[in-house]
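*Asks:* Generate a structure from the sequence data that follows.
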Amino acid sequence: MKFKPSQAAEQFIEDVHQRVGARNKAVLGRSALMMALGTGIPDQFKSSDSLGADLNDETVLGDDGLREVVRTALNFRSGKTLEETGYRQEFKRAFDFGCLRMKELWEDAGRDQSKFVAELLKLGGDGIDVPPGARSSSGAFTRSVVDTAVELRLLEDEEPWVINDTEKSSNSLMVVSGQPGCGKSQLALDLLAQMSRQGVRFLFFDLKGELEDPGNDAQKAANRKKFFDLTGAQYVRLIDSPLPVNPLYSGKTGPETANIASRIASVVRAFGPQMGPNQESAIRDAYQQLDKPDFPSLVRELESNGQEGVAVSVLKKLVDLNIFATSATALPFEDWIKRSIIIDLKALDNDTRVLVVAFILNFFIERLNKNLAVKNGNQPLQMVLFVDEAHNILPKDGKAKLLEKLAREGRSWGFPLWLASQDADKFVSSGVDFAELASAGIYFSPQTLSAKEQKQILGTLITKPLEKGKAVLRIGGKTISGETRQFWRDQGQ
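*Replies:* Residues are numbered from 1 along each chain as shown. Okay, here's the model as predicted:
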């Protein structure tokens, strides 16, 4: 069977196959096809053109008996038995989408052969439930749901905290505060590594670039490499690479879409700069007109409605910076989060950072809010959401209380929340006392709090400054001081 791939797919394979050590072009094309079949192809995806040279499916698949396997997979994806014309169309669509996704991986890897191949290998294992002990050579594995007890050591000399114990931990919310250089970041990395060793995924919103390439700093580079080796996490630096998901969506009915439009507009108003009720109304009205909403189409609809002010400029920035995928190219959100992810937002201005985080958290609340049944006293976990510099998106004026909702209900959905900030008082200054709500609080810099704030947040007074790496732990109504875990030393073990 002959088909014509898109010009972009053909060009990608032509440009890259030798650089990554593929035996021939067919090997890379076959890998792209299998990636698309494995992850799924968005219903909205359409091949951009058919300007590539003629290809034969047997050329791509070789003579290993894969043709019938691929046909069966395409039939399954389509929900019907495909005739020859339909098979050709779906084969081409899978091939073109696989090449698009593979090109994104190539760019994410900085066009580095070894990194690209490593990412392909990691992607090949996504979504597979691996029993405890069946780790990869790097020591990392992930499970779609972890329903066993997950133990984290917070202080060196204290018993572990079982974060999903429903009797001793009310919500798995953790707050961490500390001034620069105190050891807060190294504790965060160690806790993420500990979770990864137990199969739990994480989504880390890195607002300060904690895991960016350290350049010539050999020690930081070694620690960074060790962290990624242990966790198997994907690293995305925004502006350099887009997020392959689209957090906008429509409902099944007109009224359902109207409700979604209102909530999305509320998020933009709450976290976009200088937004008022008129701008919120304009976004809501434009959103309802879209069949397949994404940021480019929302901006176009606003402009066609005569909008020229802040409502357009705030959203247009997300389009200009290529932050999110379109409705045609986006991966299903559930597929994207099948592995741990670090989103480096350092290169963005603060207003854009906040809006990006808000949209992603809103998606968790809107689309993944299914309660998971408790098993043997443990709340099953899917992914921990860890927001650095969280004071930037704490509830504002009672609007769009994303973090409060996740803090209270996220664990029951399998998505507990962790928050980090330089100043502990930020957790209690936004209408919700997150320090009181938290199951565990770790405070590296108690000296920045007044005596009244210390009693409120820590439950006691700390009269002497703590040494680097030491902190006050507030957990289960008790206050303990001690040496915290540090990734540079403990490496999640």
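
*Asks:* just the helices in the stretch 351-493 of the chain please.
*Replies:* Remark: helices assigned in the stretch 351-493 of the chain by DSSP state H, counting those that start in this stretch are 402-413, 434-437, 451-457, 487-490.

*Asks:* Among those helices, which comes closest to Asn24?
*Replies:* With C-beta to C-beta as the criterion, Asn24 lies closest to helix 487-490 of the helices of the stretch 351-493 of the chain, at 42.3 Å. Heads up, the C-betas are built off the backbone N, CA and C, glycines and all.

*Asks:* these two touch, right, Gln382 and Gly199?
*Replies:* No. The criterion here is C-beta atoms under 8 Å, and Gln382 misses it with Gly199 at 10.6 Å.

*Asks:* shared neighbours, these two?
*Replies:* The contact sets of Gln382 and Gly199 overlap at Val146 (C-beta atoms under 8 Å, 6 or more residues apart in numbering).

*Asks:* Tell me which residues of stretch 147-156 come out buried.
*Replies:* For stretch 147-156, the neighbour count (16 or more other C-beta atoms under 10 Å) marks 147, 150, 152-155 as buried.

*Asks:* Just the residues contacting it, thanks.
*Replies:* Here stretch 147-156 makes contact (C-beta under 8 Å, 6+ apart) with 132, 160-165, 187, 191, 194-195, 198, 200, 375-376, 378, 380-381, 440, 442, 471, 473, 475, 480, 482-485.

*Asks:* and if we set it to 6 Å?
*Replies:* Applying C-beta atoms under 6 Å, 6 or more residues apart in numbering, the contact partners of stretch 147-156 are 160-164, 191, 194, 198, 200, 375, 378, 380, 473, 482-485.

*Asks:* before we move on, back to that, could you dump the helices of the stretch 351-493 of the chain into JSON lines and include distance to Ala265, mean pLDDT and mean neighbour count?
*Replies:* Output for these, formatted as JSON lines (distance: least, C-beta to C-beta, whole Å; pLDDT from 0 to 100; neighbours: other C-beta atoms under 10 Å):
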{"stretch": "helix 402-413", "distance to Ala265": "14", "mean pLDDT": "91", "mean neighbour count": "21"}
{"stretch": "helix 434-437", "distance to Ala265": "26", "mean pLDDT": "92", "mean neighbour count": "20"}
{"stretch": "helix 451-457", "distance to Ala265": "35", "mean pLDDT": "93", "mean neighbour count": "16"}
{"stretch": "helix 487-490", "distance to Ala265": "40", "mean pLDDT": "93", "mean neighbour count": "17"}
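
*Asks:* I'd like those written out as CSV, with distance to Thr352 added.
*Replies:* As requested, the helices of the stretch 351-493 of the chain are exported to CSV (distance: least, C-beta to C-beta, whole Å):
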stretch, distance to Thr352
helix 402-413, 16
helix 434-437, 24
helix 451-457, 31
helix 487-490, 29
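
*Asks:* closest to Val60 out of those?
*Replies:* Val60 sits nearest to helix 402-413 of all the helices of the stretch 351-493 of the chain, at 40.5 Å, using C-beta to C-beta.

*Asks:* which helices and strands does that closest one pack with?
*Replies:* Contacts defined by 3 or more C-beta pairs under 6 Å, 6 or more residues apart in numbering; DSSP states H and E place helix 402-413 against helix 350-367, strand 417-421.

*Asks:* With just CA atoms, put that helix into PDB.
*Replies:* Once non-C-alpha atoms are left out, helix 402-413 reads as follows in PDB (Å, rounded to 0.1, in the frame of the first residue of the first chain):
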ATOM      1  CA  LEU A 402      -7.200  26.500  42.700                       C
ATOM      2  CA  LEU A 403      -4.700  25.700  45.400                       C
ATOM      3  CA  GLU A 404      -7.200  25.600  48.200                       C
ATOM      4  CA  LYS A 405      -9.400  23.100  46.300                       C
ATOM      5  CA  LEU A 406      -6.400  20.900  45.500                       C
ATOM      6  CA  ALA A 407      -5.100  21.200  49.100                       C
ATOM      7  CA  ARG A 408      -8.500  20.000  50.500                       C
ATOM      8  CA  GLU A 409      -9.500  17.400  47.900                       C
ATOM      9  CA  GLY A 410      -6.600  16.600  45.700                       C
ATOM     10  CA  ARG A 411      -5.400  13.600  47.600                       C
ATOM     11  CA  SER A 412      -8.800  11.900  47.300                       C
ATOM     12  CA  TRP A 413      -8.300  12.100  43.500                       C
END
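
*Asks:* can you list contacts of that helix?
*Replies:* 171-173, 361-362, 365, 369, 371, 379, 395, 416-417, 432, 437.

*Asks:* Next one, pLDDT for Gly139 please.
*Replies:* On the pLDDT scale, Gly139 is placed at 44.

*Asks:* And for the one 4 residues further on?
*Replies:* Each residue has a pLDDT score; the one for Arg143 is 69.

*Asks:* repeat for Asp320
*Replies:* 96.

*Asks:* Tell me which residues are up against stretch 446-453.
*Replies:* Residues outside stretch 446-453 that contact it (C-beta under 6 Å, 6+ apart) are 424-425, 454, 462, 465, 472.

*Asks:* Domain-wise, how is the protein divided?
*Replies:* Per automatic domain parsing, the domain ranges recorded for the chain read 2-124, 151-241+331-490, 254-320.

*Asks:* Tabulate these (TSV), appending distance to Leu248.
*Replies:* What follows is those, written out as TSV (distance: least, C-beta to C-beta, whole Å):
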stretch	distance to Leu248
domain 2-124	12
domain 151-241+331-490	8
domain 254-320	4
